[in-house]
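**Q** Show me the folded form of this:
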Amino acid sequence: MRETRILEFKETITNTFLKTVSAFSNYNGGTILFGVDDNGNVKGLLDVKQACLDIENKINDSISPQPNYTLEIQNNDQTIKLTVKSGLQKPYLYKSKAYKRNDTATIEVDTLEFSRLVLDGKNISFEELPCKDQELSFEILQCKLKENIYIETFNQDTLKTLNLYDNINGYNNAAGLLADKNHFSGIDIVKFGENISIIQKRVTFEHISVLEIYEKALAVFRDYYQYEVIQGADRKMVEKIPEAAFREAIANALIHRVWDINSHIRVSMFDDRIEVVSLGGLPAGITAEEYLSGKLSILRNRNLANVFYRLGLVEIFGTGITRIKQLYAESLIKPEFEVSENAIKIVLPIFETNVNLTEDEKVIYKFLSKTMLKPISEIAPYVPFGKSKTTQLLKAMEKKGVIAVEGKGRGTKYIIK
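**A** The predicted structure follows:
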């Protein structure tokens with residue numbers, strides 16, 4: 001065994017475990033095993049029954065409010081398993097401080113994170129807090145509602161229905177995000193050339209309605225990843241990257257990000273892919289596996305998501321990742337999803353469907369690049385073939401005109417045409 005974000009080992013009982021109890025209670029819960037060393041080896045406790053009492057007393061006397069936990073004696077009365085559940089009355093404090101897990105370490109939360117825990121404990125989200133801007137206009141929202149769901153009358157009652165306004169607090173942060181002008185950050189888009197040293201275009205959309213940000217991002221996308229082909233008397237629009245996939249990625253980034261950080265969603269555009277990085281990681285209560293599989297969705301900004309849903313921009317049931325995967329079902333190169341503690345990254349590759357390739361050749365194709373020459377040493381270790389067969393398959397792909405080969409001998413390199 002090894003320690004993880006939700007598992008910690010303690011060979012003896014000292015007060016340091018109380019920080020981890022605070023961390024587990026404040027976030028996704030976890031387990032502490034007593035009588036086990038840092039390498040996961042069972043060392044045992046001298047008196048497990050007394051140890052249980054000591055652990056219970058320390059938690060009850062030191063953690064406020066009272067956390068939800070259970071104690072279990074294991075390994076023939078040698079070790080104790082302390083299971084701590086995520087609590088509802090956050091923040092859970094040890095010596096007036098709140099803690100969180102950072103990989104396998106337990107650290108004190110910063111001021112921003114502490115504020116989020118307080119809101120979570122009150123079952124309030126940031127978007128529900130009163131907006132510091134109360135002189136707001138909603139021409140863009142009004143226009144979108146009229147276009148998409150034919151709402152002719154737009155007034156304060158409309159905003160109340162959308163949970164954007166109440167008589168006591170006025171406009172909330174969700175309303176601010178949808179207002180024509182606001183103080184919030186937005187999206188920073190960079191189109192790179194052959195490498196990241198060459199910037200063909202950079203544009204930042206901020207302090208405007210998220211609905212306008214969404215439309216402006218789509219306009220930039222269309223400039224680089226769509227073109228028309230004339231076939232006889234007809235014109236056909238060709239998409240290098242499915243627009244529907246980009247729409248999902250941008251909409252997800254806007255409605256699922258944390259908005260209490262003054263930083264932009266980053267969209268990096270390359271010749272062979274688009275990378276969308278959204279701030280905030282996953283909301284508490286959902287794992288990366290659940291998020292990526294589409295089994296579970298927890299809305300961080302429910303009111304904002306509701307407006308996007310009413311306008312037909314997203315499915316409120318959290319099917320965005322699943323829809324992106326479906327859009328790439330026939331593509332040789334699949335989209336990638338990377339989830340970290342503070343960000344979510346979606347990579348949308350150029351849509352590739354080369355029916356001339358065999359199944360083995362398709363496996364190799366996924367590890368090649370359109371912009372970078374790769375030697376056999378950067379291909380063979382990642383495919384389930386030997387070096388000899390990989391070389392043969394690459395030669396066959398060259399004959400089909402799918403890839404180009406440069407150099408000779410050990411200097412031979414391959415690139416997608």
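**Q** Surely residue 367 is in contact with residue 384?
**A** No - using C-beta atoms under 8 Å, residue 367 is not in contact with residue 384, being 11.4 Å away. No exception for glycine: its C-beta is placed from N, CA and C like everyone else's.
**Q** So for these two, which residue has more residues nearby?
**A** residue 367 (16 against 8; other C-beta atoms under 10 Å).
**Q** Need phi/psi at the most centrally placed residue in the chain.
**A** In the chain, the residue lying closest to the centroid (C-alpha atoms, centre = their mean) is residue 344, at 2.4 Å. Main-chain torsions, residue 344, degrees, to the nearest 10: phi -130, psi 130.
**Q** which residues touch it?
**A** Shown in contact with residue 344 (C-beta atoms under 8 Å, 6 or more residues apart in numbering): 253, 256, 277, 278, 280, 281, 282, 337, 338.
**Q** residues near the third one, how many?
**A** The tally of other residues near residue 277 (other C-beta under 10 Å) stands at 19.
**Q** what about the residue nearest to it when sequence neighbours are not counted, is that helix, strand or coil?
**A** With sequence-adjacent residues excluded and distances taken as C-beta to C-beta, 6 or more residues apart in numbering, residue 277 is closest to residue 266, at 4.4 Å. Put simply, residue 266 is strand when judged by DSSP: H, G, I helix; E, B strand; the rest coil.
**Q** try residue 307
**A** Under three-state DSSP, residue 307 comes out as helix.
**Q** ok, it to residue 193 distance?
**A** Per C-beta to C-beta, to the nearest Å, residue 307 is found 37 Å from residue 193.
**Q** how about residue 367, secondary structure?
**A** Going by three-state DSSP: residue 367 is coil.
**Q** And it, how close does it get to residue 379?
**A** Using C-beta to C-beta, we find residue 367 at a distance of 5 Å from residue 379.
**Q** before we move on, what about residue 64?
**A** 57 Å.
**Q** on that earlier part again, quick check, pLDDT for the residue nearest to the centre of the chain.
**A** Predicted confidence (pLDDT) for residue 344: 93.
**Q** And the helices in the stretch 301-417 of the chain?
**A** 302-310, 320-327, 359-365, 387-399 (DSSP state H, counting those that start in this stretch).
**Q** Quickly compare these and say which is most buried.
**A** Counting by mean count of other C-beta atoms under 10 Å, helix 302-310 has the highest mean neighbour count of these, with a mean of 20.
**Q** Pipe the helices of the stretch 301-417 of the chain into a markdown table and attach mean pLDDT and distance to residue 151 per row.
**A** Below are the helices of the stretch 301-417 of the chain laid out as a markdown table (pLDDT from 0 to 100; distance: least, C-beta to C-beta, whole Å):
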| stretch | mean pLDDT | distance to residue 151 |
| --- | --- | --- |
| helix 302-310 | 93 | 9 |
| helix 320-327 | 88 | 25 |
| helix 359-365 | 89 | 48 |
| helix 387-399 | 91 | 55 |
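**Q** For the chain, just list every one of the helices.
**A** 17-26, 48-62, 111-121, 139-149, 156-161, 173-178, 210-225, 243-256, 288-293, 302-310, 320-327, 359-365, 387-399 (DSSP state H).
**Q** Out of those, the one nearest residue 188 is which?
**A** Distance to residue 188, taken as C-beta to C-beta, is lowest for helix 210-225 among those, at 10.3 Å.
**Q** Pretty sure residue 327 sits against residue 247.
**A** No - Residue 327 lies out of contact with residue 247 (C-beta under 8 Å); the separation is 10.0 Å.
**Q** List only buried entries from the contacts of residue 344.
**A** 253, 256, 277, 278, 280, 281, 282, 337 (16 or more other C-beta atoms under 10 Å).
**Q** And the last one, what's its pLDDT?
**A** Residue 337 is assigned 92 on the pLDDT scale.
**Q** before we move on, what about residue 295?
**A** Note on residue 295: pLDDT of 67.
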